[in-house]
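Trainee: Prediction below, plus the sequence it came from.
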Amino acid sequence: MSLSFANEIRQRLLAVVREQYGLEMTDVAMEVPPKTELGDLAFPVAFELAKRIKAATGEKKNPREIATTLAEGLSAIPGVARAEVAGAGYLNLFFDRARIFSQLLTETPAAASRALDSKLIVEHTSINPNKAAHIGHVRNAVLGDTTVRILKAVGEKVEIHNYIDNTGVQVADVVVGFLHVDPRTLDEVRAIAERPTTRRDESFDYFCWDLYSRVGQWYEEDKARLELRARTLHEIEAGGNPTAEMGEYISAKIVDCHLDTMSRLDISYDLLARESEILHLKFWAQAFENLKNTGVIVFETEGRNKGCWVMRAEEGGEATSEEESEHDADKIIVRSNGTVTYTGKDIAYHLWKLGKLGLDFYYRKLRTDHRGNQVWITTSEAGEAAATRPLFGNGTAFLNVIDVGQSYPQANVKRGVMAIDHDERVARSAHLAYEKVTLSADAARELGVESEGAVSMSGRKGLGVKADDLIDRLEANALVEVQARHAELAEAEQKRIAHQIAVAALRYFLLKFTRTSIIAFDFKEALSFEGETGPYIQYAAVRANNIFRKLGRPPADIRDGFGACAPEALAALFSGETGNSIWSLVYFAGRLTDIMQLAAAGFEPTHVAKYAFQLAKQFNIFYHDHHILSEPDEARRTLLLLVADLVRCRLEQALALLGIETPEKM
RNA sequence: GCGCCCGUAGCUCAGUUGGAUAGAGCGUUUGGCUACGAACCAAAAGGUCGCACGUUCGAGUCGUGCCGGGCGCACCA
């Protein structure tokens, strides 16, 4: 429903309150009644007014009486058929169904675009480039990608980053593996990474997955070997030596694998920002100056943090607490030996995101992805000229999709950044925290681990469901179903559809949960195509499309004939019990814009996922109740076709927001 | 000890700024394909919304205190 329409009603209502009761209200609550028979919009405002009137005049008024007065004052709003008082004092409005319906047929669900000078920088995926991606990583990527789609749909300008920690401990561990556990020269590693193979388990990221867990065991056997990790990490950070070269090669190759995996799920990026550049281009040194100048960080000359630069805890109301506990929340940014902590480096990186650092990366083209988008990557040495590439960074706010375990460091990063850049728009920046994916007892058993309850995945132990394995299984299962139903299609086409179904199943499975809910991954549930699943929603859209295919006329053709329908036919469509249920479907289809706004405001893609499922469910009931093509009344048939078309459009749009395609057939 | 998240049907989970009779999927039982293909639909059974106070005309939703589970709180990243 267009927002301006609802806002107009609100304003009118506020005016009536002013005229009738002389009360100034800034806003009124508005909601959708639980049943269509009760109306299309409900205002519980009379309850609050009763209270206010009593406070102002001492006069006791019944909420129903107030609602009645308001209803009388609300006459003649275009699009509103009538107002009713219901329950204990609800003011319910009924729309002019025919009018709204015709409006919806021409409306496209896009929100008013925001200021053009604002740009959100969304960081997601950011998998350590040392092993294959697993289902937990996919949750991050799907959440991030879907959030981006929704933000763009409501008019935000978005830049998508994928942070590559190519100089971290995890990469160092695989380098240790190739140097000491399963010794190989760089050329031999290259041979493994670049060997031509169609076998999934021979791909380089799978190879490293196994090696990484072997390294973990190898450390366990002799803790002294951890020295080797520290030395390797140091060499990688320093750069310009054979160890660093090995790390560079491995991480670049694994990043390639990750991008391929994510492409299968229609996920893409604008820029891969690498930690090696943040190190080599001395981002921290610059940020350090900025932080010192503003006084956010101070040098401790005594106490247990003596010799460190720390970010002091915010002054809370509790000044009475002991000295010791006050210093608990102080965050060390520079250690007493002069090295910088992770938090410090991340503050520097985020200042860059906002264009507040005074330094920039160099950039080069990495690849053109499956969508045809140019993916860029940072480099330390002179890259593409600024004139021939996008201007990266300089965002007005950042959004980071990172698991909930990073909440504390993330809060510190934002605190440090806000101390330097306290633009109110920066305050929108947020850590989009999501809970982890664990393995259900059944899933763990399938992977060889016996357990009573859910089990945490562990890259270090090599325990987890690899993303490509799962997608392969989904595609194989979907292909069986497609072949059973559409033997007439060419194999390539069958596979294409199976792929679309697999993506729908996986993405919906990860989006049906709220961000803060732990997902206990279960194969049976994730591999299902029935019930509350992505394919169920696709099926509803495909059914709608089938009607038009059988009809032999495109939807646009039907829309052109709308004007010729008699007003009586339109009135009949929405009258009676059957009319109510058709109207409730139409009205729900019209609410996509509201849902988008809700999802965007809370960075919660689940709202769109749940909406799409509910709309599909309602459509399936409609489909079952009305056999459109055999409808004898031609005008009514046209109108039913238009309803089907409206729902079809909104379903496909909602699916697109979720990163799910609608197959031609299924 | 401090902070955050979770607790809703047998299981897995939704539940927008507090609103009308708390929903869905799976599972169980039963029914519906010579229709736009059943990856669907219909029906039944299943609830002290962890517990107790409080605020409110109204609490699954807000506040306080408990109980139970998970995760953070490094001169690690």
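Mentor: All right, it came through fine. Residues are numbered from 1 along each chain as shown, chains lettered A, B, ... in the order given.
Trainee: Name the surrounding residues that touch stretch A:124-131.
Mentor: Applying C-beta atoms under 8 Å, 6 or more residues apart in numbering, the contact partners of stretch A:124-131 are A:133, A:137, A:140-141, A:143-145, A:147-148, A:160-166, A:168, A:170-171, A:173-174, A:205, A:208-209, A:212, A:250-252, A:254-255, A:258, A:262, A:267, A:269, A:400-402, A:459. For glycine as for every other residue, the C-beta is placed from the backbone atoms N, C-alpha and C.
Trainee: Select from those every entry located in helices.
Mentor: Judged by DSSP state H, those include A:137, A:140-141, A:143-145, A:147-148, A:170-171, A:173-174, A:205, A:208-209, A:212, A:250-252, A:254-255, A:258, A:262 as members of helices.
Trainee: what subset of the contacts of stretch A:124-131 is also close to RNA strand B?
Mentor: Contacts with RNA strand B within the contacts of stretch A:124-131, as defined by C-beta under 7 Å from any atom of the strand: A:Asp165, A:Gly168.
Trainee: A:Gln485 - how many residues pack around it?
Mentor: If you look again at residue A:485, you'll see it is Arg, not Gln. Neighbourhood size, A:Arg485 [other C-beta atoms under 10 Å]: 13.
Trainee: What of A:Arg425?
Mentor: A:Arg425: 15 neighbours (other C-beta under 10 Å).
Trainee: Assess the claim that it and A:Ser118 are in contact.
Mentor: Yes: between A:Arg425 and A:Ser118 there is a contact under C-beta atoms under 8 Å: 6.6 Å.
Trainee: Mutual contacts of these two, please.
Mentor: Among the neighbours of A:Arg425, those also in contact with A:Ser118 (C-beta under 8 Å, 6+ apart) are A:Thr396, A:Ala397.
Trainee: Please list the residues of the stretch 501-650 of chain A that sit near RNA strand B.
Mentor: Residues of the stretch 501-650 of chain A lying close to RNA strand B by C-beta under 7 Å from any atom of the strand are A:501, A:512-514, A:516-520, A:525, A:528-532, A:535-536, A:539, A:543, A:546-547, A:550, A:594, A:598, A:604, A:606-607, A:610, A:613, A:617, A:620-621, A:623-624, A:626-630.
Trainee: For A:Val9, list the residues it contacts.
Mentor: In this structure residue A:9 is Ile, not Val. Contacts for A:Ile9 were tallied using C-beta under 8 Å, 6+ apart; they are A:Met30, A:Leu41, A:Leu74, A:Ile77, A:Val80, A:Leu93.
Trainee: again, only using 10 Å
Mentor: Taking C-beta atoms under 10 Å, 6 or more residues apart in numbering, we find A:Ile9 in contact with A:Val28, A:Met30, A:Leu41, A:Phe43, A:Leu74, A:Ile77, A:Gly79, A:Val80, A:Ala83, A:Leu93.
Trainee: Within the helices and strands, which one has it?
Mentor: Using DSSP states H and E, A:Ile9 sits in helix A:3-21.
Trainee: Likewise for A:Glu248?
Mentor: helix A:242-264.
Trainee: Helix or strand next in line after that helix, which one?
Mentor: That would be, after helix A:242-264 and using DSSP H and E, strand A:271-274.
Trainee: Establish whether that following strand and RNA strand B are in contact.
Mentor: No: Strand A:271-274 lies apart from RNA strand B when judged by C-beta under 7 Å from any atom of the strand; the minimum separation is 12.4 Å.
Trainee: and that strand, how far out from the chain's middle?
Mentor: 19 Å (C-alpha atoms, centre = their mean, to the nearest Å).
Trainee: Could I get the average pLDDT for it?
Mentor: Mean pLDDT, strand A:271-274: 97.
Trainee: residues in contact with that strand?
Mentor: Contacts to strand A:271-274, defined as C-beta under 10 Å, 6+ apart, come from residues A:121, A:123, A:125-126, A:129, A:159-167, A:248, A:251-252, A:255, A:258-259, A:280, A:349, A:352-353, A:361, A:363, A:366-367, A:374-380, A:389-390, A:392-393.
Trainee: Quick one, which of these are buried?
Mentor: Among the contacts of strand A:271-274, those buried by neighbour count (16 or more other C-beta atoms under 10 Å) are A:121, A:123, A:125-126, A:129, A:159-167, A:248, A:251-252, A:255, A:258-259, A:280, A:349, A:352-353, A:361, A:363, A:366, A:375-379, A:392-393.
Trainee: The residue nearest to A:Ala86 when sequence neighbours are not counted pairs with what?
Mentor: Nearest non-adjacent residue to A:Ala86, counting by C-beta to C-beta, 6 or more residues apart in numbering: A:Asn92, 5.2 Å away. On the basis of DSSP bridges, A:Asn92 is bridged to A:Ala42, A:Glu84.
Trainee: does A:Ser458 really touch A:Trp209, like I thought?
Mentor: No: taking C-beta atoms under 10 Å as the definition, A:Ser458 is not a contact partner of A:Trp209, at 11.5 Å.
Trainee: What distance do you get for the residue nearest to A:Ala86 to RNA strand B?
Mentor: 5 Å (C-beta to the nearest atom of the strand, to the nearest Å).
Trainee: Kindly provide the distance from that residue to A:Leu179.
Mentor: 73 Å (C-beta to C-beta, to the nearest Å).
Trainee: quick one, which of the two is more surrounded?
Mentor: Just comparing A:Asn92 and A:Leu179: by other C-beta under 10 Å the higher neighbour count belongs to A:Asn92, 21 against 18.
Trainee: what are the phi and psi angles of the residue in the stretch 501-650 of chain A that RNA strand B sits nearest to?
Mentor: Closest approach between the stretch 501-650 of chain A and RNA strand B, counting by C-beta to the nearest atom of the strand: A:Gly531, at 2.2 Å. For A:Gly531, the backbone dihedrals (degrees, to the nearest 10) come out as phi 80, psi -140.
Trainee: which intervals of chain A have sub-threshold pLDDT?
Mentor: A:1-4, A:75, A:109-116, A:314-328 (pLDDT under 70).
Trainee: Show me which residues of the stretch 1-150 of chain A are close to RNA strand B?
Mentor: A:29-35, A:38-39, A:42, A:44, A:47-48, A:51, A:63, A:86-88, A:90, A:92.
Trainee: 10 Å - rerun?
Mentor: A:27-35, A:37-51, A:54-55, A:63, A:67, A:84-93, A:128 (C-beta under 10 Å from any atom of the strand).
Trainee: Name only those of these that count as buried.
Mentor: A:28, A:30, A:32-33, A:39-46, A:48-50, A:63, A:67, A:85, A:89-93, A:128.
Trainee: Which of the residues you listed fall within helices?
Mentor: Using DSSP H, these in helices are A:Val45, A:Ala46, A:Glu48, A:Leu49, A:Ala50, A:Pro63, A:Ala67.
Trainee: Looking at the residues you listed, which one is closest to A:Gln406?
Mentor: A:Glu48 (41.2 Å; C-beta to C-beta).
Trainee: re the thing from before, which residues do A:Ser458 and A:Trp209 both contact?
Mentor: Counting by C-beta under 10 Å, 6+ apart, the residues touching both A:Ser458 and A:Trp209 are A:His134, A:Gly464.
Trainee: Which one's more surrounded, the two?
Mentor: A:Trp209 (23 against 13).
Trainee: Check the gap between that one and RNA strand B for me.
Mentor: Distance of A:Trp209 to RNA strand B, given as C-beta to the nearest atom of the strand: 19 Å.
Trainee: so that residue makes contact with A:Lys466?
Mentor: Yes: taking contacts as C-beta under 10 Å, A:Trp209 lies within contact range of A:Lys466: 6.9 Å.
Trainee: Mind listing the shared neighbours of these two?
Mentor: Common neighbours of A:Trp209 and A:Lys466 (C-beta under 10 Å, 6+ apart) are A:Lys131, A:Ala132, A:Ala133, A:His134, A:Asp201, A:Ser203.
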